[in-house]
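# this one's structure only:
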């Protein structure tokens, strides 16, 4: 009988991930419990994965919950002190979770410990963490830390930051539950920034751990056959969520300034590209509709039609 670590549960949300999911699971040490939240309704996968990995629980949702609601559901299901959230297109490096748990015993006030994140084996700082400008408890902006495209050298040691990407994070559930975990109004995008900001405003720390690493292959966590539909969904929700985030944390003025600007630009580009680049036209159309819904306070209710 496999003896599992009772301190941490690894949580993976998935939506038609194909072979990526199993590749991700294979890199998770068998001592950790694993919880899969399947938003694609693939009931046949439940039997396969639970038989192959005895430390794994596979939950099949009847609807596509989106990222925040999936993690919120997982938070109610797990019993361990910590949860390590990640996604199918992430490879967890050796000793990553163990090193995070070791650091968890050293940092008493942390809410999130994040591994150092590489993109296709190259360090990319904009995809790793951000520093936020907060004045009077309001979000003003995020700093560009060492300009785009990248700084190939990760920090020398652990550093305290304001926000980390949701690609991979070890979460202290006691601190998480003090803010009612994730904002369920969001379907995708900015849920990580929102979570980090609310935890920071409560006085909790978010720390990047140098000795823990993951490798992320962005935008590859889904089967290629549904990539066009998912591209539309990503652009729709990115626009909606950014407006919602700004309205929530910066106020209506900044949000509407962003929203109207994006609405005009995207609708114009969608019309222009319609004549010579249909894919780009669809991309900007998705942004237009997403921000339109946000401006008029309509729910983030678009779901990929698979």
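Good, I have the coordinates. Please read all numbers here as calculations on a predicted model, not as lab measurements.

# May I see the buried residues of the biggest strand by length in the chain?
For the chain, the longest strand by residue count, based on DSSP state E, is strand 205-216. Of all the residues in strand 205-216, those buried under the rule 16 or more other Cβ atoms under 10 Å are 205-209, 212-216. From N, CA and C alone the C-beta is placed, and that goes for glycine too.

# what's the answer for stretch 112-121, then?
Buried residues in stretch 112-121 (16+ other Cβ under 10 Å): 112-119.

# How about stretch 259-274?
For stretch 259-274, a neighbour-count test (16+ other Cβ under 10 Å) marks 259, 262-263, 266-267, 269-270, 273 as buried.

# picking up where we left off before, please identify the buried residues of the helix or strand following the longest strand of the chain?
Toward the C-terminus, strand 205-216 is succeeded by helix 227-249 as the next helix or strand (DSSP states H and E). Residues 230-249 are the ones in helix 227-249 that count as buried (16+ other Cβ under 10 Å).

# Stretch 283-299 too?
283-295.

# swap in stretch 187-196?
For stretch 187-196, by 16+ other Cβ under 10 Å, it's 187-196.

# Just the endpoints, please. Distance across that stretch?
17 Å (Cα to Cα, to the nearest Å).

# farthest-separated two in the buried residues of strand 205-216?
205 and 215 (25.1 Å; Cβ to Cβ).

# sorry, back to before: of the buried residues of stretch 112-121, which one scores lowest on pLDDT?
By pLDDT, residue 119 ranks lowest within those, coming in at 90.

# What separation is there between that one and residue 217?
Counting by Cβ to Cβ, to the nearest Å, the gap from residue 119 to residue 217 is 8 Å.

# Now tabulate the buried residues of stretch 187-196 in TSV and tack on secondary structure and distance to residue 55.
Putting these into TSV (DSSP: H, G, I helix; E, B strand; the rest coil; distance: Cβ to Cβ, whole Å) gives the following:
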residue	secondary structure	distance to residue 55
187	coil	30
188	coil	28
189	coil	31
190	coil	32
191	helix	27
192	helix	26
193	helix	31
194	helix	31
195	helix	26
196	helix	29
